[in-house]
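Novice: Coordinates for the following, if possible.
(one chain, ligands or ions: 1)
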Amino acid sequence: MRVMPDLFALAKPVLHALPPEPAHSLTIASLRAGLGPRNSRPDDPILSVDVFGRRFANPLGMAAGFDKNATVIASVMAIGFGFVEVGTVTPRPQAGNPRPRMVRVPGQSALINRLGFNNDGADVVRRRLEQCRRPGPVGVNLGRNRDSADPVDDYVHGVRQLGPLADYLAINVSSPNTPGLRDLQRQASLEPLLTAVLAARTESAGGVPVLLKIAPDLEAADRDAIAGAAVACGVDGLIVANTTVTRPQDIPADLAREAGGLSGPPLMALSTALLADMRRRLGAAMPLIGVGGVASADDAYAKIRAGACLVQLYTGLAYRGPRLVGQIKRGLADHLRRDGFSSLMQAVGSAA
Ligand SMILES: Cc1cc2nc3c(=O)[nH]c(=O)nc-3n(C[C@H](O)[C@H](O)[C@H](O)COP(=O)(O)O)c2cc1C
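Specialist: Numbers count the residues shown, from 1 in each chain. Next comes the predicted model:
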């Protein structure tokens, strides 16, 4: 067996000596230059998942926000991910919020970001998706422009432009950094939005599955409204959850005051509890993607047992590097066999 050097262990002191956003840009540039790791080992068949009319060789996906502009899909898949979600993409390109807008919380291996949907816009991303190699399923996460006159139009535009090129669409109504965006999760706004999005999907984007990405900071009334609208409108799944605007007590006070969404381990318990709650409200028929704070195989397995058939991560990768992906996959397969499951799908929701 060839022993690969752990390049991330060498690169991490350099990356973490930089502020987080330049470190991310350098990571993307390295992946674009072909310097990323290559994991050519086939996935353990126990990890394969059939959902949304697609086969996922393993359940671990790169969460939205890492490859916002669809520039490194094949390189991210080569790390060993089973799928990639690109975006958030808005109809028109936009610069996002003023810098600095990303902060490390090193003691908790967490991040706070207030990027505000900086992205190249739907036309550019569309061209990239038309041309790129796609070794596995690619989700496209859609948002609205900050200065949009009609948010519903923005999502419909995204569905028409990018739906035909996606394996699934994620309707992002949960980023905390676009004023008013999270209000779209309220009943009065959500049903009209989903009705328009699903009509556009049927007209122009074939049968592409449409998922709703929700915030972890939801009151019971909002959860009821989301579950009701998801079923009434015929949404294909939920992504639970985006970053939190809450600040768990162990975050140092100076960092806790930074505006934006918190991600990483402090989000694990909150997002997994919401996942279990949405599973309880919606039952096994509504596929759920679990995301928030995954930094180990135990975390990924907890999401699956709480009701997720697919699991995403982002912040864990920034602190632990690409080896985390292989470690989680091996650990997950071990957990499944130890608990007597012969496929991952059998374990979904088993904690309920
Ligand atoms: C720097 C950064 C940028 C993000 N950008 C987006 C985004 O554009 N759209 C989105 O839906 N989620 C975005 N997210 C949220 C992640 O997709 C994910 O829901 C969240 O970070 C929780 O997962 P994690 O704890 O594994 O990072 C972003 C997260 C981070 C850390």
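
Novice: Identify the residues contacting the closest residue to the ligand within the chain.
Specialist: Nearest to the ligand in the chain, going by CB to the nearest ligand atom, is Gly65, at a distance of 2.2 Å. Where you see a C-beta, it was placed from the backbone N, CA and C, and this is true even at glycine. Gly65 makes contact with 87-88, 113, 115, 314, according to CB atoms under 8 Å, 6 or more residues apart in numbering.

Novice: Where does it sit: helix, strand or coil?
Specialist: coil (DSSP: H, G, I helix; E, B strand; the rest coil).

Novice: Tell me the spacing between it and Ser263.
Specialist: 9 Å (CB to CB, to the nearest Å).

Novice: now swap in Ala205 and tell me
Specialist: 29 Å.

Novice: between the two, which one's more packed in?
Specialist: Ranked by neighbour count (other CB atoms under 10 Å), Ala205 and Ser263 place Ser263 first, with 26 against 20.

Novice: List phi and psi for that one.
Specialist: phi -130, psi 170 (degrees, to the nearest 10).

Novice: quick revisit: so of the contacts of Gly65, which ones are in strands?
Specialist: Using DSSP state E, the subset of the contacts of Gly65 located in strands is 87-88, 113.

Novice: Which neighbours do Gly65 and Ser263 have in common?
Specialist: Contact criterion CB under 8 Å, 6+ apart; residues shared by Gly65 and Ser263: 113, 314.

Novice: can you give me the helices in the stretch 1-150 of the chain?
Specialist: 7-17, 20-32, 73-78, 122-131 (DSSP state H, counting those that start in this stretch).

Novice: Let me see the backbone angles for the residue sitting nearest the centre point of the chain.
Specialist: Taking CA atoms, centre = their mean, the centroid of the chain lies closest to Ala63, which sits 2.7 Å from it. Dihedral pair for Ala63: phi -70, psi 160, per degrees, to the nearest 10.

Novice: Isn't it up against Val291?
Specialist: Yes: counting by CB atoms under 8 Å, Val291 is a contact partner of Ala63 at 5.2 Å.
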